[in-house]
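**Q** just to be clear, the model below is a prediction. Sequence and coordinates:
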Amino acid sequence: MLQSKLFYKTSKEISGEEKSANAQLLVRAGFVDKLMAGAYTYLPLGLRVLDKIKKIIREEMNAIGGQEILMPALTPKENWMKTGRWEGIDVLFRFKGAGDKEYALGSTHEEIVTPLVKKMINSYKDLPVAVYQIQDKFRDEPRAKSGLLRGREFSMKDLYSFHSDEADLDVYYEKVKESYLRIFKRCNLDAIVTEASGGTFSKYSHEFQILTESGEDIIFYCKKCFYAQNREVAEYKKGDNCPKCGGEMDEGKAIEIGNIFKLKTKFSEAFDLNFLDKEGKKRLAIMGCYGIGPSRVMGSIVEVSHDDRGIIWPEEIAPFDVHLIALYGKNEKSNGEIRKQAERLFESLQKEGFDVLYDDREEVSAGVKFGEADLFGIPLRLVISEKTLSAESVELKKRSGLEPEIVKLSQIIKKIKK
RNA sequence: CGGGGUGUAGUCUAACGGCAGGACGCACCCUUGGGGUGGGUGUGAUCCGGGUUCAAUUCCCGGCACCCCGACCA
């Protein structure tokens, strides 16, 4: 991608509209634009990040047998009436359409996926099955806040699993838990599995919490083994001994970036989701649901990974792998050479599979380019200038590191290739 | 939904109740060329509706929007 053509605008000014670090930086760097409280446009840079997070989630969901589908966000009132959640979810966006027909924008999709699966399931042989979607969810939050962390429209991956008995659900539940930890690891987030309110049928659900001051949940966690409980269910508190390893429990603010839940038969009862078991007996399907908010993950990464100059993206999440910067001087002849070598490197990096943002702008000063590079937070920065070319080299600097390094042009690809 | 705060140009900000000013951005010119280079010219604003007053960006009332704290968070 040529930076001269990129649809973006950075700002040196700190926005008075945004207080949280993720909103500040993402807006300043031109990754997102705020439409209103709780609703953001993803600009090219931000959309790349969001898509990379979704890609990781898809890979890991597919790896545990999840099959991707896409349900409508627009949903009919009838489905919600069957579970009592038309009135039961106070953040549900409800409205009337033509002919006074009533709708809700999906805030979660149990009411939609359960009758869907009912159409596919007749026998125990059809189970287990797991389907997921990645879609924008709508919640009429009384108070949207903190940039991408709590929106009224936000990205959500919701996985639903259906089983013939509880033991099978339990096994799959653990599988999803492991899968979630892999996802967050790839996002460079240290997620703490936290016991939280489990609803009607199980004692606990599990949340995936990221410790940070900007979090809105309070969790109690063991400093040694990271056994943790959300304050809403906490049986232990700061200073107590960890029931698992005897270590010391601590207290911290955290952001919930995922939640897994055993629904058991709550929704299969409401929608009469039955199957015939081996004995030909009718039984209710056992369900689990599992959510991750990709947009919230994006915001959380910025919260925990930035410095005073900008964002520091983890490799797998960054909008680009490499930020290639050509620096021009006043010497026309060497400028021609800089352009030639930069373009050549741009081509060969792409040929090697790197996603490259190439700052090809000639009239822009070095300071501006470096400032934007730091703000963007692309992991590797390559600079080509008269200075580096005099040594047939390029300057390599990691966004997360301090010291740049001079590398021969002929060696650079080998050097940064994984 | 309760409490607090803030609304001035695309952005960040000034202005005792008395000509709305600066910086950034943007356009053009010159300059500079490894950390948002320096200078010049230009562009561009008082959230909406009432009230008080000779006069309102400023004071008062109502609305709307945004931010923060709390409650809420399937």
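**A** Sure thing, it's come through.
**Q** quick one, what contacts the spatially closest residue to A:Val233 that is not a sequence neighbour?
**A** The shortest distance from A:Val233 to any non-neighbouring residue, by Cβ to Cβ, 6 or more residues apart in numbering, is to A:Ser197 (5.5 Å). Using the backbone N, CA and C atoms, a C-beta is placed for each residue, glycine as well. Counting by Cβ atoms under 8 Å, 6 or more residues apart in numbering, A:Ser197 makes contact with A:Tyr204, A:Ser205, A:Asn230, A:Glu232, A:Val233.
**Q** buried ones from those residues, can you make that a ChimeraX selection?
**A** The buried subset of these, as determined by 16 or more other Cβ atoms under 10 Å, is captured in ChimeraX by this line:
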select /A:204,205,230
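**Q** format the contacts of A:Ser197 as TSV; extra columns: pLDDT, secondary structure and distance to RNA strand B.
**A** Shown next, in TSV, are those (pLDDT from 0 to 100; DSSP: H, G, I helix; E, B strand; the rest coil; distance: Cβ to the nearest atom of the strand, whole Å):
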residue	pLDDT	secondary structure	distance to RNA strand B
A:Tyr204	88	strand	13
A:Ser205	93	strand	8
A:Asn230	94	strand	9
A:Glu232	89	helix	8
A:Val233	90	helix	11
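**Q** of the contacts of A:Ser197, closest to A:Asn22?
**A** Within the contacts of A:Ser197, proximity to A:Asn22 (Cβ to Cβ) peaks at A:Asn230, which comes in at 21.8 Å.
**Q** that closest one contacts A:Val193, correct?
**A** No. The criterion here is Cβ atoms under 8 Å, and A:Asn230 misses it with A:Val193 at 11.0 Å.
**Q** so what sits against both of these two?
**A** Common neighbours of A:Asn230 and A:Val193 are listed as A:Glu207 (criterion: Cβ under 8 Å, 6+ apart).
**Q** phi and psi next, for A:Lys101.
**A** Main-chain torsions, A:Lys101, degrees, to the nearest 10: phi -70, psi 140.
**Q** what sits against A:Lys54?
**A** Taking Cβ under 8 Å, 6+ apart as the criterion, A:Lys54 is in contact with A:Ile134, A:Ser155, A:Lys157, A:Pro294.
**Q** in strands, which of those residues fall?
**A** Using DSSP state E, the subset of the contacts of A:Lys54 located in strands is A:Ile134, A:Ser155, A:Lys157.
**Q** just give me the residue right at the centre of chain A.
**A** A:Pro294 (2.7 Å; Cα atoms, centre = their mean).
**Q** so who does that one touch?
**A** A:Leu50, A:Ile53, A:Lys54, A:Ile57, A:Ile134, A:Ser155, A:Met156, A:Lys157.
**Q** residue of the stretch 101-250 of chain A nearest RNA strand B, please.
**A** Closest to RNA strand B within the stretch 101-250 of chain A is A:Thr108: 3.2 Å, counting by Cβ to the nearest atom of the strand.
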